[in-house]
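> Return atomic coordinates for the entry below.
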Amino acid sequence: MGIDIAEQSLIFERFYRAAVHSQQTSGTGMGLAISRAIMEAHHGTLGVTSQVGEGSVFTLTLPIARQAE
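All right, here's what the predicted structure looks like:
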């Protein structure tokens, strides 16, 4: 269904739930905050590109692991 541009940075905050979805979906608003914290702990990133009415794409990036010598 897509995420409004004004909310795209907020969805990664702890306990944030979009007003549109808070009545329709259960949850605590912690999932994306936890996911981003895990990615950052591994020197990666978690981002979103979204368009209302079209949908969302979440992008995960992790650095390439180096082989121990």
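> Can you list the low-confidence ranges for the protein?
Scanning the chain for pLDDT under 70 picks out 20-25, 69.
> All the helices of it, in order from the start?
Secondary structure of the chain (DSSP state H): helices at 19-22, 31-41.
> Deepest-packed of those, please.
helix 31-41 (a mean of 14; mean count of other C-beta atoms under 10 Å). C-betas here are computed from N, CA, C, even on glycine.
> picking up where we left off before, please convert the helices of the chain to CSV, extending it with distance to Ala65.
Supplementary listing: these in CSV, determined by distance: least, C-beta to C-beta, whole Å:
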stretch, distance to Ala65
helix 19-22, 36
helix 31-41, 14
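> Ok, which of these comes nearest Glu13?
Comparing those by their distance to Glu13 (C-beta to C-beta), the top pick is helix 31-41, with 6.3 Å.
> That closest one packs against which elements?
Helix 31-41 sits against strand 45-51, with contacts defined as 3 or more C-beta pairs under 8 Å, 6 or more residues apart in numbering; DSSP states H and E.
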